[in-house]
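Engineer: heads up, no residue letters with this:
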């Protein structure tokens, strides 16, 4: 007698597929609930304006002008001066900002306690005053007659705000302002990332006799590199578009700060004073391209979005 193996019912094999499909659909729905609003916001307030600016950059006096606006922007002598000012500002401000944020965040994490919360508040307070208010505040700070650092400014032969905001001194003042305004918020963000690190890894390093410096350099810093990369990208974008600070400070030092000191100010002059929106759009897109290129370099160099599998490979 030959026994024929029985085949399991089709319904039995297909039974788990239903719950799996429902679980997949629920996860997809949850993802779109989280990502959908941002995607809509990006499309309406990011991609659509960028597309309109791209079209405007090729239009002059209501008609298609090809690359005329781009050529005119590149031939403007003010662009080179503005780009040089912004470059020098970034070269001074970004390293000081990153060093300040990293050192203070790691110090807070290395010495936890009741005082850490108070120090976070102290670090964050200067960042509560931003934009034009911060520029006005610092305008008084560099005026010897009104500043609490008046005696020090007079020792440095600074007789008025005009002296402090002239030449290369302006870049130093803007860098100090930038660190005071932006560092506090990034310290809080980075400190939050450090507190989320697995404690067993840090305890193992301590048991192995690793010093605080080696633990910071070889364990903590690599584990929060994604946050450091985010700080660098966001800070570069903010610094390359500096506008409010030199504009407001220019009111306190008439004739010392050019209205086209930064690239963003030059684009503003194109749009408001010259009424040339084509050139303003072209310059704005050029700034966007520089920011995207810088972000791409940071992301690829730091492997910001690499998973554990790709890291191991």
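Structural biologist: Looks like it arrived, so ask away. Keep in mind that this is a model prediction, so the values were computed, not measured.

Engineer: helices or strands up against the helix or strand hosting residue 134?
Structural biologist: Assigned by DSSP states H and E, residue 134 falls within helix 131-141. With contacts taken as 3 or more C-beta pairs under 8 Å, 6 or more residues apart in numbering; DSSP states H and E, helix 131-141 sits against helix 168-195, helix 244-252. Every residue, glycine included, has its C-beta placed from N, CA and C.

Engineer: Contacts only, for the residue nearest in space to the middle of the chain.
Structural biologist: To find the centre residue of the chain, average its C-alpha atoms and take the closest one (C-alpha atoms, centre = their mean): that gives residue 234, at 1.0 Å. With contact set as C-beta atoms under 8 Å, 6 or more residues apart in numbering, residue 234 has no partners.

Engineer: what separates the host helix or strand of it from the chain centre, distance-wise?
Structural biologist: Using DSSP H and E, residue 234 sits within helix 225-240. Computed by C-alpha atoms, centre = their mean, to the nearest Å, the chain-centroid distance of helix 225-240 equals 4 Å.

Engineer: surely residue 153 meets residue 146?
Structural biologist: No: here residue 153 lies out of contact with residue 146, judged by C-beta atoms under 8 Å, at a distance of 10.2 Å.

Engineer: Which one's more surrounded, those two?
Structural biologist: With neighbours defined as other C-beta atoms under 10 Å, residue 153 and residue 146 compare such that residue 153 has more, 21 against 11.

Engineer: Could you pull out the buried residues of the longest helix seen in the chain?
Structural biologist: Identified as the longest helix of the chain according to DSSP state H is helix 77-110. Neighbour-count burial for helix 77-110, counted by 16 or more other C-beta atoms under 10 Å, picks out 78-79, 81-83, 85-86, 89-90, 92-94, 97-98, 100-102, 104-106, 108-109.

Engineer: tell me the mean pLDDT for it?
Structural biologist: Regarding helix 77-110, the rounded mean pLDDT is 92.

Engineer: Does anything pack onto it? Which helices or strands?
Structural biologist: If you count contacts as 3+ C-beta pairs under 8 Å, 6+ apart, helix 77-110 packs onto helix 114-124, helix 168-195, helix 225-240, helix 263-272.

Engineer: ok, now with 6 Å
Structural biologist: Contacts defined by 3 or more C-beta pairs under 6 Å, 6 or more residues apart in numbering; DSSP states H and E place helix 77-110 against helix 168-195, helix 225-240, helix 263-272.

Engineer: closest to residue 300 out of those helices?
Structural biologist: Closest approach to residue 300 among those (C-beta to C-beta): helix 225-240, 10.2 Å.

Engineer: quick check: angle from the closest one to helix 263-272?
Structural biologist: 50 degrees (axes from the mean of the first three to the mean of the last three C-alpha atoms, to 10 degrees).

Engineer: in helix 225-240, what's buried?
Structural biologist: 226-233, 235-237, 239-240.

Engineer: Please tell me how far residue 141 sits from residue 187.
Structural biologist: As for residue 141, its distance to residue 187 is 21 Å (criterion: C-beta to C-beta, to the nearest Å).
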